[in-house]
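Undergrad: please work out how this folds:
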Amino acid sequence: MRVALYQPDIPQNTGAILRLAACLDVGVDIIEPCGFVWSDRRLRRAGMDYLDQASVLRHQSWSHFQNATDNRLILLTTRGDAAYTDFQFNLTDTLIVGRESAGAPAEVHAAMDATLYIPMQPQARSLNVALALAMVLGEAVRQTNGT
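TA: Residues are numbered from 1 along each chain as shown. Next up, the predicted model:
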């Protein structure tokens, strides 16, 4: 199982996700361009000493990422077709989150094998991407016994 960040904007979120992935032994794909310099101190502060433990692949574009993966692609989005709690995860999934500022564009949505949402109160717009990914990844790891 892997996670992918589509053109991340906020280094603190990316750092938190890298820390999460290192702790759960899940690979990370970063789909460029990032909205920050990779060596940003805010990225290092949020990721702490876990950044060196994270297995990260950086892809220069969406098309390069698509060419590099055979995994089932699962997008976490407020416009998802199914609740993540009703979805059956498997070990060949890549959970993808979009940009914090703009989500994922139509071409990314069109390439997905599934789009999932997190059930929330009707007046709530969205969760922080790192929190959303942590919730869904936790369920995916639970379902697949963390292997």
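Undergrad: how close does residue 88 sit to residue 72?
TA: 11 Å (C-beta to C-beta, to the nearest Å). C-beta coordinates here come from the backbone N, C-alpha and C atoms, glycine included.
Undergrad: which of those two has more residues huddled nearby?
TA: Set side by side, residue 88 and residue 72 show more neighbours around residue 72, with 16 against 9, by other C-beta atoms under 10 Å.
Undergrad: and the helix or strand hosting residue 20, what's buried?
TA: Here residue 20, judged by DSSP states H and E, is contained in helix 11-24. For helix 11-24, the neighbour count (16 or more other C-beta atoms under 10 Å) marks 11-22 as buried.
Undergrad: want to try a markdown table for the residues you listed, with pLDDT and distance to residue 124 as columns?
TA: As requested, the buried residues of helix 11-24 are arranged in a markdown table below (pLDDT from 0 to 100; distance: C-beta to C-beta, whole Å):
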| residue | pLDDT | distance to residue 124 |
| --- | --- | --- |
| 11 | 87 | 25 |
| 12 | 88 | 21 |
| 13 | 90 | 18 |
| 14 | 91 | 23 |
| 15 | 89 | 24 |
| 16 | 90 | 20 |
| 17 | 93 | 21 |
| 18 | 92 | 26 |
| 19 | 89 | 25 |
| 20 | 94 | 22 |
| 21 | 94 | 26 |
| 22 | 92 | 29 |
